[in-house]
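Enquirer: Task: produce atomic coordinates for the following.
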Amino acid sequence: MSRDILKTTGRPNDAAPTDGFARTIDYLRLSITDRCNLRCRYCMPEEGVPRISHDEVMSFEEIVTLIRAAAKVGFQRIRLTGGEPLVRRDITDLVGMIRDVEGITDLSMTTNGVLMEEKAPELFRAGIQRVNISLDTLVSEKFLKITRRDEFESVMRGIDAALSVGMHPVKINVVLIRDFNDDEIFDFIELTRDRPLSVRFIEYMPTNGAQNWSKYRIIPMDELLSRIKERYELEELHERLGAGPSVYFKIPGFAGTLGFITPVSSHFCHLCNRIRVTSDGRIRSCLFSDDEAHILPLLREGKDLNVIGDFILDVLKNKPKKHNITSGRIRTCQRSMSEIGG
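Expert: Predicted structure coming up:
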């Protein structure tokens, strides 16, 4: 398959499977490692999370077999996550292997950007055409505080490198936290003035590592839009800019776009089109459900692609209608985001 075919079409996948609520599910978010070179406070403790052994992590061959089975039952979109996917050795070899899987039309990655300056050219050649880079502050001192690592300049160079090799879109994922980085909203918006970046503001979610999470610290989309409109004119965009749930806007004359992801104040579960697979081969049909289906044994037993595909379809039957983080009792994930995959 040519790399040129690997692009988001925005068209519905008529061959994709559906879950028990008639939602089309064609998007697989795959964690390829639980390891990370940052220690973000809402993701993991300072000492990190207990590492799973090398033998417990899916091999490249097992990952590709899983993807081939998923593609056979109608999945088209793959996002590689972590941990930090770029710390996995020979990552570009894996990208090339996935690129050649018949039926996969969209291959992307979420990264913290620390290694992107070095890896961007080879990743793009291998088949990564679009990337999401997580960045919650544009102040180096705050970056050090939230990530516990002094890598701010590396991330900024990584963003430029992704743009320079031709990745598009390059999205900046900003977890917005009241009284921490909400004073930087306009600084992030200005990143889109002259560069074709898509800055996406994400509501602060009660993940396992978010020990100081509270509803107060969430900035709902309505409030955020109101603040932005005091300074900028916004035009809503109706075309999709990827496979996710963002609502997008453009400021006239700006090169980039703004996106808003609202899992707490206005959940989008009815639009959910994805499942997640952890690096140790466990399928999670919902980020905030701790029900997991262990698919790794099937991969290691050499089961036929049809058997593996049927296992995936069975998981979809039990995908919940919605998450529970907006219910009266807040319950966090029992795994950290570094283990689940962002």
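
Enquirer: Now do the contacts for D194.
Expert: Listed by CB atoms under 8 Å, 6 or more residues apart in numbering, the contact set of D194 reads A255. For the C-beta atoms, the positions are set from N, CA and C on the backbone; glycine is no exception.

Enquirer: And it, how close does it get to L135?
Expert: Between D194 and L135 the computed distance is 17 Å (CB to CB, to the nearest Å).

Enquirer: try P169
Expert: 15 Å.

Enquirer: Then C40?
Expert: Remark: distance between C40 and L135 (CB to CB) = 11 Å.

Enquirer: and what of R231?
Expert: Going from R231 to L135 by CB to CB gives 21 Å.

Enquirer: Between the two, which has more neighbouring residues?
Expert: L135 (23 against 10; other CB atoms under 10 Å).

Enquirer: Not counting its neighbours along the chain, what's nearest the more buried one?
Expert: Leaving aside its chain neighbours, L135 sits nearest to I172 (5.4 Å; criterion: CB to CB, 6 or more residues apart in numbering).

Enquirer: The one you found is in contact with E190, isn't it?
Expert: No. The pair I172 and E190 does not pass the contact test of CB atoms under 8 Å, sitting 11.9 Å apart.

Enquirer: what stretches of the chain score poorly on pLDDT?
Expert: 1-14, 45-49, 207-213, 240-245, 266-268, 323-339, 341-342 (pLDDT under 70).

Enquirer: Would you agree F152 is in contact with F143?
Expert: Yes. With contact defined as CB under 8 Å, F152 reaches F143; the gap is 4.0 Å.

Enquirer: which one of the two has more residues nearby?
Expert: Neighbours per residue, other CB under 10 Å: of F152 and F143, the larger number sits with F143, 23 against 20.

Enquirer: Ramachandran coordinates for the more buried one?
Expert: With angles defined as degrees, to the nearest 10, F143 sits at phi -60, psi -50.

Enquirer: quick one: it and T111, what's the gap?
Expert: Taken as CB to CB, the span from F143 to T111 is 15 Å.

Enquirer: Starting from the helix or strand where I133 lies, tell me which strands it pairs with and how they run.
Expert: Using DSSP states H and E, I133 sits within strand 130-134. Taking DSSP bridges as the criterion, strand 130-134 forms sheet pairs with strand 106-111 (parallel), strand 170-176 (parallel).

Enquirer: right, so of the ones you listed, which gets closest to L296?
Expert: strand 106-111 (21.8 Å; CB to CB).

Enquirer: Using PDB, write down the CA coordinates of the closest one.
Expert: Provided in PDB are the C-alpha atoms of strand 106-111 (Å, rounded to 0.1, in the frame of the first residue of the first chain):
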ATOM      1  CA  ASP A 106      -5.300   6.300   8.300                       C
ATOM      2  CA  LEU A 107      -2.200   5.800  10.500                       C
ATOM      3  CA  SER A 108      -1.400   8.500  13.100                       C
ATOM      4  CA  MET A 109       0.300   8.900  16.400                       C
ATOM      5  CA  THR A 110       0.000  10.700  19.700                       C
ATOM      6  CA  THR A 111       3.300  11.700  21.300                       C
END
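
Enquirer: Would you list the phi and psi of the nearest residue to L38 once chain neighbours are set aside?
Expert: Leaving aside its sequence neighbours, L38 sits nearest to T147 (CB to CB, 6+ apart; 4.3 Å). For T147, the backbone dihedrals are phi -100, psi -10 (criterion: degrees, to the nearest 10).

Enquirer: Name the SS class of I159, please.
Expert: Assigned state for I159: helix (three-state reduction, DSSP: H, G, I helix; E, B strand; the rest coil).

Enquirer: Is there a neighbour count for it? I'd like the number.
Expert: If you count neighbours by other CB under 10 Å, I159 ends up with 22.

Enquirer: which residues touch it?
Expert: 113, 116, 133, 135, 170, 172, 197.

Enquirer: Widest-spaced pair of those residues?
Expert: Maximum pairwise distance among these (CB to CB): 13.4 Å, between M116 and L197.

Enquirer: dump the residue contacts of N273.
Expert: Taking CB under 8 Å, 6+ apart, one finds 23-27, 243 in contact with N273.

Enquirer: re earlier: got TSV for the strands paired with strand 130-134, with distance to R89 too?
Expert: Output for the strands paired with strand 130-134, formatted as TSV (distance: least, CB to CB, whole Å):
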stretch	distance to R89
strand 106-111	15
strand 170-176	24
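
Enquirer: Indicate which one of those is closest to L287.
Expert: Of all the strands paired with strand 130-134, it is strand 106-111 that lies closest to L287, at 13.2 Å by CB to CB.

Enquirer: Do I have it right that the residue nearest to L38 meets Y42?
Expert: No. When contacts are counted by CB under 8 Å, T147 is not listed as touching Y42 (10.3 Å).

Enquirer: Between these two, tell me which one has more neighbours.
Expert: T147 (24 against 20).

Enquirer: Look at G113 and give its secondary structure.
Expert: coil.
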